[in-house]
Each structure stands twice: as structure tokens, then as C-alpha cells.
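Sequence and computational prediction follow.
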Amino acid sequence: MRHNTDLELDYAQLENARNRFISEIAKNIHLYNITPSVGRLYGTVFFADKPMTLDEMSDALGMSKTSMSTGIRALSEANMVEQVWERGVRKDLYKTEDDWYKSFSNVFITRWRHATEMNMTAIKDTKYMLTELCERTCHDDIKETIHQDLMKLGKAEAYYDWLNDVIALFETGDIFDIIPKKEATDTL
């Protein structure tokens with residue numbers, strides 16, 4: 001009987017250790033524009049010893065299958081999970097993406113590319129509006145303010161050009177030539 005008690009304690013400690021990581025993932029997953037509950041789903045799939053069905057996820061987390069489907073879709077769009085198939089299994093199976101760099105790169109590229117394009121469009125529009133006003137006005141103080149604003153916009157434009165170069169490093173994978181991926185080491 002003592003052996004069963006030890007086994008139960010060990011399993012409880014295993015779950016406690018896993019929950020430590022899952023809690024932190026859930027807390028910080030907003031950086032990927034994902035909710036904490038979906039972060040807990042990610043942690044559950046991460047620690048699973050085999051790919052999971054939506055039903056298994058629902059049972060593990062005590063949430064609806066619809067919630068699991070929505071969560072898996074969000075994780076899939078962020079390249080954090082992938083659908084896998086096993087012979088003889090008719091339900092969809094999911095496992096976490098092994099390449100964490102891929103999911104980070106995807107989210108980084110998507111978010112920053114969109115923001116950069118929007119800001120560059122705003123800079124272009126603002127420069128056009130200011131140039132047009134400068135040609136029209138006869139007030140020297142307005143012209144001086146426009147000149148200063150155009151210089152500020154030029155600095156912003158240079159920054160977004162640089163940011164586009166950084167984004168391109170992630171898109172091409174060249175970032176890993178500059179900062180190589182780290183290999184996991186066995187800690188036991």
C-alpha cells in the first residue's frame with residue numbers, strides 16, 4: 001500500500017510542476033494575442049504524452065468542446081499547434097508545434113508587418129498633407145513647424161525602413177544566421 005501512496009504523491013508533484021509552467025504560459029500568452037484559457041489549453045497539449053483530440057482536451061480542462069475548437073484554431077493560426085493524423089483514428093488530433101521559433105516568427109512577422117505598413121501609409125499621407133500646406137501657406141511660422149514635422153517624420157520613416165529589414169530577417173530565416181537557434185539539453 002505504501003508504494004501506491006508514493007506513486008500518488010509523485011503524480012501530484014508532477015502535476016504541480018507542470019502547472020507551474022502552464023500557469024506562466026497562460027499569464028504571458030497575451031503577447032501572442034491569445035487568451036489565458038487558450039494558454040492553459042496549449043500547456044495541456046504541450047505536456048500530453050500523445051496527440052490529443054478535442055474531446056480529450058475538453059475532459060482535461062473541464063471546458064466545452066466548442067471552446068477547445070476555438071482555442072485550437074487560435075493556436076493553429078499562431079503556428080503553436082499542428083493537426084496530425086494517426087492510422088485508425090477518425091477524430092482530429094493535435095500536438096504542439098515542435099519549432100517554437102517558427103511560431104514566434106509567424107506572430108512577430110504578422111503583427112509588425114501590419115503595424116509597419118499602416119504607419120508607413122500614415123507617414124506618406126501626413127508628409128503629402130504637410131507639403132501641400134507648406135506650398136499654400138504664406139506664414140513663416142507655419143512653414144517652420146512643417147519643416148520640423150517633416151524632419152520628425154523622416155526619422156520615423158527611417159525607423160520603419162529599419163524595422164522592415166528586421167521583419168525580412170525573420171521572413172527569410174536569416175535571423176538565425178545572426179542569432180542561432182538554441183538546442184535543448186537534457187537536464188537529467
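Yep, it's here.

use CA for all of it now, contacts and neighbours both
Will do.

where do the helices sit along the chain?
Using DSSP state H, the helices assigned to the chain run over residues 2-28, 36-47, 54-61, 65-77, 100-136, 140-172, 175-178.

quick one, what contacts W85?
Counting by Cα atoms under 8 Å, 6 or more residues apart in numbering, W85 makes contact with 92-93.

mind checking how far it is from K91?
Distance check for W85 against K91: by Cα to Cα, to the nearest Å, it reads 9 Å.

mind listing what the residue nearest the centre of the chain touches?
Centre of the chain computed as the mean C-alpha position; nearest residue by Cα atoms, centre = their mean is Y32, 3.1 Å away. For Y32, the set of contacting residues under the criterion of Cα under 8 Å, 6+ apart consists of 78, 107.

what's around A26, how many residues?
Neighbouring residues of A26 were enumerated by other Cα atoms under 10 Å; the total is 19.

cool, R111 as well?
Using other Cα under 10 Å, R111 has 14 other residues around it.

How about P51?
Using other Cα under 10 Å, P51 has 19 neighbouring residues.

Repeat that for L150.
Here the count is done by other Cα under 10 Å, and L150 has 18 residues near it.

Contacts only, for it.
Applying Cα under 8 Å, 6+ apart, the residues contacting L150 are 127, 130.

That one and C138, how far apart?
Here the criterion is Cα to Cα. By it, L150 lies 18 Å from C138.

can you check E117 too?
33 Å.

more crowded one of those two?
Ranked by neighbour count (other Cα under 10 Å), E117 and C138 place E117 first, with 13 against 10.

I'd like the distance between that one and F108.
14 Å.
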